[in-house]
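Enquirer: From the sequence below, what's the structure:
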Amino acid sequence: MSHFTPLASAVGGALIGLSAAWLWFSLGRIAGISGIFGGVLRRWSADHWWRLAFLLGLVGGPLLVAEFWHTPDIVIEAGPSRIVIAGLLVGLGTKLGSGCTSGHGVCGIARLSPRSMAATAVFMTVAALTVLVTRHVIGG
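Expert: Predicted coordinates:
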């Protein structure tokens, strides 16, 4: 069975791009999820409403789609402690990289930001090396 879904992937990518463009043109803000989420965790300010709405749509959209269309079963083989550690490492990486893959990879590259292009190259290289090591070296 193939997991390659070019139509669904193209539609998903287009929706991500449209949402990033909408946020940029409507509020002048970059759709970097770590920055949006971090802003919600800081002290309350006038921009909390759009941040909360964005995060609600980010989580609620897929849940809504799953109610009306058949979606594949998601199987997570890692235990809760491994998931928490992975999440903390992702958070550390976004702090060290001054942003996440959505901010750098989608929005930064679209703005032709050299820093975002370099960050995305590092993200992709590390991701490929991680798969190589976990699947082919240690056999995970």
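
Enquirer: all contacts plus neighbour counts: C-alpha atoms, from now on.
Expert: OK.

Enquirer: what bits of the chain have low per-residue confidence?
Expert: The chain contains residues with pLDDT under 70 at 1-2, 140.

Enquirer: Find the residue at the geometric middle of it.
Expert: Nearest to the geometric centre of the chain sits residue 102, at 5.0 Å (CA atoms, centre = their mean).

Enquirer: correct me, but that one touches residue 36?
Expert: No - if you go by CA atoms under 8 Å, residue 102 and residue 36 don't touch, sitting 10.8 Å apart.

Enquirer: show me where this structure has helices.
Expert: Secondary structure of the chain (DSSP state H): helices at 6-27, 33-41, 48-68, 80-96, 101, 109-110, 114-131.

Enquirer: quick one: contacts of the first one?
Expert: I take that to be helix 6-27. 29, 30, 31, 106, 107 (CA atoms under 8 Å, 6 or more residues apart in numbering).

Enquirer: Chain neighbours aside, what residue packs nearest to the third one?
Expert: The shortest distance from residue 31 to any residue that is not its chain neighbour, by CA to CA, 6 or more residues apart in numbering, is 5.3 Å, and that residue is residue 20.

Enquirer: before we move on, what about residue 29?
Expert: Nearest non-adjacent residue to residue 29, counting by CA to CA, 6+ apart: residue 23, 5.8 Å away.

Enquirer: and that neighbour, how many neighbours?
Expert: Neighbours of residue 23 under the rule other CA atoms under 10 Å: 16.

Enquirer: next one: residue 50
Expert: Residue 50: 14 neighbours (other CA under 10 Å).

Enquirer: how far away is it from residue 128?
Expert: The spacing between residue 50 and residue 128, counted by CA to CA, to the nearest Å, is 34 Å.

Enquirer: One more: residue 66?
Expert: Distance of residue 66 to residue 128, computed by CA to CA: 30 Å.

Enquirer: and the gap between the closest residue to residue 133 other than its chain neighbours and residue 132?
Expert: Leaving aside its chain neighbours, residue 133 sits nearest to residue 139 (7.8 Å; criterion: CA to CA, 6+ apart). In this view, residue 139 and residue 132 are 9 Å apart by CA to CA.

Enquirer: Good, we can wrap up now.
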